[in-house]
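# Sequence plus the predicted model coming up.
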Amino acid sequence: MKRQVEAGIPTHWGNFRMIAYSDDLGERMPHLALVHPEMDASEPVHLRIHSECLTGDLFGSHRCDCGDQLDHAMQVAWDEKGVVLYLRQEGRGIGLINKLKAYNLQDKGLNTADANVHLGLEVDARQYNIAVEIMRDLGIESIHLLTNNPLKIEAIDQSSINVVSRVPIVIKPNAENKAYLKTKKDLMGHLLSNDPVAKPNSESSKS
């Protein structure tokens, strides 16, 4: 995977550098790094690894907390001169079509994890080796990781990147995502508060 192009992107959080990464220059869905212009890779960097959620990030869906997490992470990245990595692995890696199928099953009573299993899919098919590659390209060696997902911490801990601390992203539940967040906490081991890192209760999780 290569750094293909970089451009300045003014946002309502601040002016970031957006860098696109892919194997092929013609890739239409590259992974992205939004980097504060004063990011200092010689110090631990506040960094969020955010997996794409079209429904939440773009359309403001209340079925999940993804859009709120992204908004919070972008603000922290601006305030702390950090980075947000935007990985194109929609729906915990199952893709948008399967994600919508899973939503239909959730409407019939299944939780987010069981819906994926019912479709013959993994509860969480995401990979974080791409994030590690991007961090290395940016010269980042240590991070304050913005996450509620213990598996994400474990994945980065197995790389050359040093996770100095976990920075919680605490989002207030709404009526539509309350059960979803409960499933993430109870079945997937997510840390939806300032709790210390604990081992998850299942093999997969989402953040």
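Everything's here; your move. The structure presented is a predicted model; accordingly, all values stated were derived computationally and were not measured.
# contacts and neighbour counts: CA atoms only from here.
Fine.
# Just name the shakiest helix or strand of this structure by mean pLDDT.
When each helix and strand of the chain is scored by mean pLDDT, DSSP states H and E, helix 178-186 comes last, with a mean of 56.
# if I read this right, Glu38 contacts Lys81, doesn't it?
Yes - counting by Cα atoms under 8 Å, Lys81 is a contact partner of Glu38 at 5.9 Å.
# These two: who's more crowded?
Neighbour comparison, Glu38 and Lys81: the larger count goes to Lys81, with 18 against 12 (by other Cα atoms under 10 Å).
# How about the most centrally placed residue in the chain, nearest residue that isn't a chain neighbour?
Closest to where the C-alpha atoms of the chain average out (Cα atoms, centre = their mean) is His50, at 2.2 Å. Counting by Cα to Cα, 6 or more residues apart in numbering, Tyr86 is the residue found nearest to His50 once chain neighbours are left out, at 5.0 Å.
# Then Glu6 would be within a strand, right?
Yes - counting by DSSP: H, G, I helix; E, B strand; the rest coil, Glu6 is located in a strand.
# is it true that it touches Pro30?
No - counting by Cα under 8 Å, Glu6 sits too far from Pro30 to count as a contact (12.0 Å).
# For stretch 64-76, list the C-alpha coordinates in CSV.
Extracted C-alpha coordinates of stretch 64-76, given in CSV (Å, rounded to 0.1, in the frame of the first residue of the first chain):
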residue,chain,number,x,y,z
CYS,A,64,-25.1,3.1,16.0
ASP,A,65,-22.7,5.6,17.6
CYS,A,66,-20.2,5.7,14.8
GLY,A,67,-21.0,9.2,13.5
ASP,A,68,-20.8,10.7,17.0
GLN,A,69,-17.5,8.9,17.6
LEU,A,70,-16.0,10.2,14.4
ASP,A,71,-17.1,13.8,15.2
HIS,A,72,-15.6,13.5,18.7
ALA,A,73,-12.4,12.0,17.3
MET,A,74,-12.0,14.7,14.7
GLN,A,75,-12.4,17.4,17.4
VAL,A,76,-9.8,15.7,19.6
